[in-house]
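Undergrad: Sharing a model prediction with you, sequence too.
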Amino acid sequence: MFTTLLIAGGVALLVFATRFLREGLDRLFGARLAAWLQRTAKSPIRSFFAGLGVASLTPSSTTMSMLAVDAVQAGHVTTRQMVVIMLGADIGITVTIQLFALSIDAYAPIIILVGVLLGMFASSRRTRGLGQVITALGLLFMGMHVIKEAVTSTAPNPDFLTLLEMARHYPVGLTCLAAILAIVLQSSTATIGLVISVAAANTASHPGLQMDLPLALPVVLGANIGVGITTLIVGFARVESRRLGAVNLFAKTITAAIVLILLPEIVALLDNSPGTVVNHTANAHTGFNILKALIMFPFIGPLCALVERLIPASRAGEKPAFGPRYIQHGPFDGATLAMAQSAREIMYAADIVRSMLEDLWRALKTNDEKLVRQISERDNQVDMLDAEIKKFLSRLSGAPMDTDETQEQLRQLRYLAELESIGDIIDKNLCRLVLKKINLGIDFPADTWRELDDFDKKVLENMLLADTAFQTRDRDLAEKLLRHKDHIDLQIRQLRDAHFVALPGQTDSDYESSAIQLDLLTNLKRINSHVSHVAFAVIHGGNYPTATTPTPVT
């Protein structure tokens, strides 16, 4: 019983280390990793070696799966480009298993010591992230070492030996079980590490416990297939990432089928090569992914084309359902990568809000009542995105975040609130003013149109400036945005005063026209005020006054 608990504790260390590793990589690279992959994705050869290099430094299969799905969904790379990157990445991920085969687990406490010192005493966020990565690797090796020592210290159960003997004759079933285990542990490294820990333990201490290649190789195949299934599950919500997961899973399954057919020959080849069963298992893991790359590289195009036919973008004539494009409903992989997703989703909402104002002005000039109704529907879309992004960001509150990540979460929530308020102004105030103008049959003089067009263009320009300042945190842009705000506020006051001076002697129709013009200017000023708040966030670290919710025009 005690041995079972030790093994369970070792497995728990593997799972925790894998998760801790992903969080460290998140701190170390953040969203920069996806941008770098985008730059290298133009050449297939560069993409392959870029994936190999990144995965060698980030030996977490689940992290690579999340990164791949995120990059495809965000449009940084195409499905075909990401497939090439992942062919290289799957080879790079095997570095951790190769290190364990070299008995580096004996030095796990030293590795953990180095990582903890870097994580606790480094001032740089990236250096702390590097410390967390090193600590996670040390914990990973420590978990493998615990399992190995636990198995070494006890005699094998006869029933367990019988099960192993039976499993040796059912490699396909063993492969399926290993795939399920990899999905549960969320890591091929943890799954294979568990097997080679047992293999390393029985090599010298329990000759009767034959954790040999006919048992180990199906586990290697199943672990790789399990990671392919995980990628498909993570990206299933969207078509492009679903295609990526399907291509990746096809490649792994086809290669695994070939290896299973040739299993006796491969076992004989490895048995006749120098090294222990631990070395052979690690080499089989690396060899499987090299073989997959060699087999699939020439057929990436046809395989992607086949998957595109099997998973069409949408049915003919079917309008895709509206919803978030970038945020994930499932588990997220670290705060920084998650907030990179939410930032892109906020920019998607900003594009919709800006299109609402552009189309509203066109409806105002053309008296297009149908377009006004469509704009109101788009405000519902903004409200949906607002709710989904807030729920997504609120889930991060339970994840470990440093001061920078907490401030970024607050900055995003504040800008999202400004966008939602602008959408409400357009829907509840400006749309009603346009409908009122249409119903009363009012038109504006040419000089009034020129004034209104000028203000609309300036507000739209400020919205673009705000979006860019939000993304880049550029202080110069923020200061320019504040200057524009002050200039527009001054011009609006001057125009309002001119309208008040002209009130005496106006007809009832002139009064209605003047009232609509003033309300248009007032609401443009409100929108401009909401937009300018991003400048305060950039200049003053997010400490800016909360905008007042607009009162609908009656």
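TA: Nice, I can see it.
Undergrad: Tell me where the model's unsure across the stretch 351-500 of the chain.
TA: 398-400, 499-500 (pLDDT under 70).
Undergrad: Where do the strands of it begin and end?
TA: Remark: no strands are assigned in the stretch 351-500 of the chain by DSSP state E, counting those that start in this stretch.
Undergrad: So the closest residue to residue 442 other than its chain neighbours, which state does it fall into?
TA: Counting by C-beta to C-beta, 6 or more residues apart in numbering, the nearest residue to residue 442 once its immediate chain neighbours are dropped is residue 513, at 5.0 Å. For the C-beta atoms, the positions are set from N, CA and C on the backbone; glycine is no exception. Secondary structure, DSSP: H, G, I helix; E, B strand; the rest coil: residue 513 is helix.
Undergrad: try residue 273
TA: Residue 273 ends up coil, using three-state DSSP.
Undergrad: Can you name the residues that contact the spatially closest residue to it that is not a sequence neighbour?
TA: Nearest residue to residue 273, sequence neighbours excluded (C-beta to C-beta, 6+ apart): residue 280, at 7.1 Å. For residue 280, the contacting residues are 213, 216, 270-271, 273, by C-beta atoms under 8 Å, 6 or more residues apart in numbering.
Undergrad: with the residues you listed in mind, which one is nearest to residue 191?
TA: residue 216 (11.3 Å; C-beta to C-beta).
Undergrad: Can you tell me the element the residue nearest to residue 273 falls in?
TA: helix 277-296 (DSSP states H and E).
Undergrad: for the record, mean pLDDT for the particular helix or strand that has residue 519 in it?
TA: Per DSSP H and E, residue 519 falls inside helix 508-539. The pLDDT scores in helix 508-539 average 79.
Undergrad: tell me which strands and helices that helix is in contact with?
TA: On a contact count with 3 or more C-beta pairs under 8 Å, 6 or more residues apart in numbering; DSSP states H and E, helix 508-539 meets helix 403-424, helix 431-440, helix 446-472, helix 475-501.
Undergrad: buried set for the second one?
TA: Which is helix 431-440. 431-435, 437-438 (16 or more other C-beta atoms under 10 Å).
Undergrad: Let's have these in TSV, adding distance to residue 11.
TA: As requested, the buried residues of helix 431-440 are exported to TSV (distance: C-beta to C-beta, whole Å):
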residue	distance to residue 11
431	59
432	62
433	64
434	63
435	64
437	69
438	68
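Undergrad: any idea which of these is the one closest to residue 324?
TA: residue 431 (24.5 Å).
Undergrad: show me the contacts for the closest residue in space to the closest one that isn't next to it in sequence.
TA: The shortest distance from residue 431 to any non-neighbouring residue, by C-beta to C-beta, 6+ apart, is to residue 372 (5.2 Å). Under the criterion of C-beta under 8 Å, 6+ apart, the neighbours of residue 372 are 360, 363, 431, 434-435, 438.
Undergrad: What separation is there between residue 372 and residue 179?
TA: Distance, residue 372 to residue 179, by C-beta to C-beta, to the nearest Å: 54 Å.
Undergrad: Return the most buried member of the helices and strands packed on helix 508-539.
TA: Mean neighbour count (mean count of other C-beta atoms under 10 Å) peaks for helix 403-424 among the helices and strands packed on helix 508-539, with a mean of 20.
Undergrad: Now do it against helix 508-539, angle only.
TA: 170 degrees (axes from the mean of the first three to the mean of the last three C-alpha atoms, to 10 degrees).
Undergrad: Just the CA atoms from helix 403-424 would do, formatted as CSV, please.
TA: Taking C-alpha atoms only, helix 403-424 is exported to CSV below (Å, rounded to 0.1, in the frame of the first residue of the first chain):
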residue,chain,number,x,y,z
THR,A,403,1.6,42.3,-10.3
ASP,A,404,2.0,43.0,-14.0
GLU,A,405,-0.5,40.4,-14.9
THR,A,406,-3.1,41.7,-12.4
GLN,A,407,-2.7,45.2,-13.8
GLU,A,408,-3.1,43.9,-17.4
GLN,A,409,-6.3,42.1,-16.4
LEU,A,410,-7.6,45.4,-14.9
ARG,A,411,-6.5,47.4,-17.9
GLN,A,412,-8.4,45.1,-20.3
LEU,A,413,-11.6,45.1,-18.2
ARG,A,414,-11.6,48.9,-18.1
TYR,A,415,-11.1,49.3,-21.9
LEU,A,416,-13.7,46.7,-22.5
ALA,A,417,-16.1,48.7,-20.3
GLU,A,418,-15.4,51.8,-22.4
LEU,A,419,-16.2,49.9,-25.6
GLU,A,420,-19.4,48.5,-24.2
SER,A,421,-20.5,52.1,-23.2
ILE,A,422,-19.7,53.4,-26.7
GLY,A,423,-21.8,50.7,-28.2
ASP,A,424,-24.7,51.7,-25.9
